[in-house]
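**Student:** below are the sequence and a predicted model; questions follow.
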Amino acid sequence: MAPDMDEFWVFGYGSLMWNPGFPFEEKAEAHIFGYRRSLCVRSHVHRGTPERPGLVLGLDRGGSCRGMAFRVRSEERAEVLAYLRARELVTHVYKERFLPAMLGDRRQVRALGYVVDRQHAQYAGVLDAREAAEIVRSAVGKSGPNPAYVLNTVSHLREMGIRDHWLEGVSRIVDVD
(Lines give C-alpha, C1' and ligand atoms only; values in the text may rest on other atoms or scores of the structure.)
Protein backbone atom coordinates (compact mmCIF):
# COMPACT_ATOMS: atom_id res chain seq x y z
CA MET A 1 0.00 0.00 0.00
CA ALA A 2 1.37 3.42 -0.93
CA PRO A 3 1.87 5.95 1.87
CA ASP A 4 -0.71 8.72 2.30
CA MET A 5 1.21 11.87 1.43
CA ASP A 6 -1.18 14.05 3.47
CA GLU A 7 -0.34 12.28 6.71
CA PHE A 8 2.45 13.66 8.90
CA TRP A 9 4.44 11.00 10.73
CA VAL A 10 7.49 11.46 12.96
CA PHE A 11 10.01 8.65 13.53
CA GLY A 12 11.63 8.35 16.95
CA TYR A 13 14.66 6.15 17.60
CA GLY A 14 15.82 7.54 20.95
CA SER A 15 14.15 9.68 23.59
CA LEU A 16 11.43 10.75 21.15
CA MET A 17 10.09 7.19 21.47
CA TRP A 18 9.16 7.54 25.16
CA ASN A 19 9.20 11.33 25.50
CA PRO A 20 7.92 12.81 22.24
CA GLY A 21 6.90 16.13 23.80
CA PHE A 22 4.23 16.83 21.18
CA PRO A 23 0.59 15.81 20.67
CA PHE A 24 -0.12 12.90 18.33
CA GLU A 25 -3.14 10.95 17.13
CA GLU A 26 -1.53 7.57 16.67
CA LYS A 27 1.60 5.81 17.90
CA ALA A 28 2.93 2.67 16.19
CA GLU A 29 6.03 0.53 16.16
CA ALA A 30 8.04 1.34 13.06
CA HIS A 31 11.04 -0.02 11.19
CA ILE A 32 13.26 1.94 8.83
CA PHE A 33 15.94 0.54 6.58
CA GLY A 34 19.23 2.10 5.51
CA TYR A 35 19.89 3.76 8.89
CA ARG A 36 20.79 2.45 12.33
CA ARG A 37 20.65 3.81 15.87
CA SER A 38 24.18 4.81 16.93
CA LEU A 39 26.01 6.73 19.65
CA CYS A 40 27.68 8.84 16.98
CA VAL A 41 27.02 12.44 18.02
CA ARG A 42 29.45 14.24 20.31
CA SER A 43 27.46 16.10 22.94
CA HIS A 44 29.01 19.39 24.05
CA VAL A 45 26.10 20.54 26.20
CA HIS A 46 23.55 17.99 27.43
CA ARG A 47 25.80 14.96 28.05
CA GLY A 48 29.26 16.47 27.88
CA THR A 49 31.29 19.65 27.44
CA PRO A 50 33.45 20.95 24.60
CA GLU A 51 36.51 19.84 26.62
CA ARG A 52 35.09 16.39 27.41
CA PRO A 53 32.27 15.60 24.98
CA GLY A 54 29.83 12.80 25.64
CA LEU A 55 27.94 10.74 23.09
CA VAL A 56 24.26 10.82 22.18
CA LEU A 57 22.22 8.95 19.62
CA GLY A 58 21.94 9.67 15.94
CA LEU A 59 20.58 7.82 12.94
CA ASP A 60 23.64 6.83 10.94
CA ARG A 61 23.91 5.14 7.55
CA GLY A 62 23.66 1.39 7.25
CA GLY A 63 21.52 -1.35 8.70
CA SER A 64 18.02 -0.79 10.01
CA CYS A 65 16.35 0.65 13.07
CA ARG A 66 13.25 -0.23 15.06
CA GLY A 67 11.56 2.69 16.72
CA MET A 68 8.22 4.42 17.11
CA ALA A 69 6.26 6.50 14.63
CA PHE A 70 3.77 9.16 15.65
CA ARG A 71 0.97 10.42 13.41
CA VAL A 72 0.32 14.11 13.98
CA ARG A 73 -2.96 15.83 13.13
CA SER A 74 -2.61 18.06 10.08
CA GLU A 75 -3.81 21.06 12.12
CA GLU A 76 -0.86 20.59 14.49
CA ARG A 77 1.79 19.90 11.86
CA ALA A 78 3.37 23.38 11.84
CA GLU A 79 3.50 23.58 15.65
CA VAL A 80 5.00 20.08 15.98
CA LEU A 81 7.53 20.77 13.23
CA ALA A 82 8.62 23.99 14.98
CA TYR A 83 8.96 22.09 18.27
CA LEU A 84 11.02 19.31 16.66
CA ARG A 85 13.32 21.78 14.90
CA ALA A 86 13.95 23.61 18.18
CA ARG A 87 14.66 20.29 19.91
CA GLU A 88 16.70 18.50 17.25
CA LEU A 89 18.40 21.16 15.13
CA VAL A 90 20.12 23.20 17.85
CA THR A 91 23.64 22.65 16.46
CA HIS A 92 22.55 21.33 13.05
CA VAL A 93 24.31 17.98 13.56
CA TYR A 94 21.11 16.36 12.24
CA LYS A 95 19.45 16.70 8.86
CA GLU A 96 15.68 16.48 8.49
CA ARG A 97 14.68 13.66 6.17
CA PHE A 98 11.44 11.97 5.23
CA LEU A 99 12.18 8.28 5.56
CA PRO A 100 10.15 5.31 4.34
CA ALA A 101 8.95 3.44 7.41
CA MET A 102 7.09 0.19 7.82
CA LEU A 103 4.66 0.20 10.72
CA GLY A 104 4.00 -2.83 12.89
CA ASP A 105 0.75 -3.52 11.03
CA ARG A 106 2.69 -3.49 7.71
CA ARG A 107 1.47 -0.06 6.58
CA GLN A 108 4.12 1.93 4.76
CA VAL A 109 4.43 5.62 5.58
CA ARG A 110 6.91 8.42 5.12
CA ALA A 111 8.07 9.70 8.48
CA LEU A 112 10.14 12.72 9.41
CA GLY A 113 13.39 11.61 11.00
CA TYR A 114 16.63 13.24 12.05
CA VAL A 115 19.70 11.73 10.40
CA VAL A 116 23.24 12.58 11.51
CA ASP A 117 25.26 14.85 9.23
CA ARG A 118 28.52 12.97 8.73
CA GLN A 119 30.26 16.20 7.69
CA HIS A 120 29.42 18.00 10.96
CA ALA A 121 32.22 18.53 13.51
CA GLN A 122 30.13 16.76 16.18
CA TYR A 123 29.92 13.52 14.19
CA ALA A 124 31.99 10.96 16.12
CA GLY A 125 32.17 8.41 13.33
CA VAL A 126 31.74 4.67 13.67
CA LEU A 127 32.96 3.53 17.07
CA ASP A 128 33.22 0.06 18.53
CA ALA A 129 31.46 -0.59 21.85
CA ARG A 130 34.63 -0.22 23.96
CA GLU A 131 35.58 3.14 22.33
CA ALA A 132 32.06 4.47 22.83
CA ALA A 133 31.99 3.29 26.46
CA GLU A 134 35.30 5.04 27.20
CA ILE A 135 33.87 8.35 25.94
CA VAL A 136 30.54 7.88 27.71
CA ARG A 137 32.04 6.78 31.02
CA SER A 138 33.57 10.14 32.00
CA ALA A 139 31.28 12.67 30.32
CA VAL A 140 28.78 14.88 32.16
CA GLY A 141 26.70 17.72 30.75
CA LYS A 142 23.90 20.04 31.84
CA SER A 143 21.34 17.20 31.50
CA GLY A 144 23.41 14.86 33.66
CA PRO A 145 25.97 12.08 33.36
CA ASN A 146 26.42 10.42 30.00
CA PRO A 147 26.35 6.87 31.47
CA ALA A 148 22.84 7.56 32.85
CA TYR A 149 21.69 8.56 29.35
CA VAL A 150 22.95 5.29 27.84
CA LEU A 151 21.62 3.07 30.63
CA ASN A 152 18.23 4.83 30.58
CA THR A 153 18.01 4.46 26.79
CA VAL A 154 18.75 0.73 26.94
CA SER A 155 16.20 0.29 29.74
CA HIS A 156 13.49 2.09 27.76
CA LEU A 157 14.28 0.11 24.61
CA ARG A 158 13.97 -3.15 26.51
CA GLU A 159 10.63 -2.04 28.02
CA MET A 160 9.40 -1.46 24.47
CA GLY A 161 10.63 -4.87 23.32
CA ILE A 162 13.43 -3.42 21.19
CA ARG A 163 16.85 -5.02 21.36
CA ASP A 164 19.87 -3.02 20.25
CA HIS A 165 22.79 -5.38 20.81
CA TRP A 166 25.53 -2.83 20.11
CA LEU A 167 24.04 -0.26 22.50
CA GLU A 168 23.48 -2.99 25.10
CA GLY A 169 27.17 -3.87 24.75
CA VAL A 170 28.17 -0.27 25.40
CA SER A 171 25.90 -0.16 28.45
CA ARG A 172 27.40 -3.38 29.87
CA ILE A 173 30.93 -1.97 29.59
CA VAL A 174 29.87 1.35 31.15
CA ASP A 175 27.93 -0.35 33.93
CA VAL A 176 30.76 -2.74 34.88
CA ASP A 177 33.30 -0.08 35.80
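**Tutor:** Now that the structure is in, tell me what you want to look at.

**Student:** can we go C-alpha only for contacts and neighbour counts from here?
**Tutor:** Noted.

**Student:** remind me which helix or strand the residue lying closest to Arg110 once chain neighbours are set aside belongs to.
**Tutor:** Among residues not flanking Arg110 along the chain, Pro100 sits closest, at 4.6 Å (CA to CA, 6 or more residues apart in numbering). When elements are assigned from DSSP states H and E, Pro100 belongs to strand 94-103.

**Student:** do Ala121 as well
**Tutor:** With DSSP H and E as the criterion, the answer for Ala121 is that it lies in no helix or strand.

**Student:** tell me how many other residues surround the residue lying closest to it once chain neighbours are set aside.
**Tutor:** Excluding the flanking residues, the one nearest Ala121 by CA to CA, 6+ apart is Val93, at 7.9 Å. Under the neighbour criterion other CA atoms under 10 Å, Val93 is assigned a count of 20.

**Student:** all strands of this protein, in order?
**Tutor:** Taking DSSP state E, the strands of the chain run over residues 8-12, 26-43, 54-72, 94-103, 108-116, 140-141, 144-145.

**Student:** can you add distance to Ser155, mean pLDDT and mean neighbour count and give those strands back as a markdown table?
**Tutor:** Listed next are these as a markdown table, based on distance: least, CA to CA, whole Å; pLDDT from 0 to 100; neighbours: other CA atoms under 10 Å:
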| stretch | distance to Ser155 | mean pLDDT | mean neighbour count |
| --- | --- | --- | --- |
| strand 8-12 | 16 | 98 | 26 |
| strand 26-43 | 15 | 97 | 20 |
| strand 54-72 | 14 | 97 | 22 |
| strand 94-103 | 22 | 98 | 19 |
| strand 108-116 | 22 | 98 | 22 |
| strand 140-141 | 19 | 96 | 20 |
| strand 144-145 | 16 | 95 | 16 |
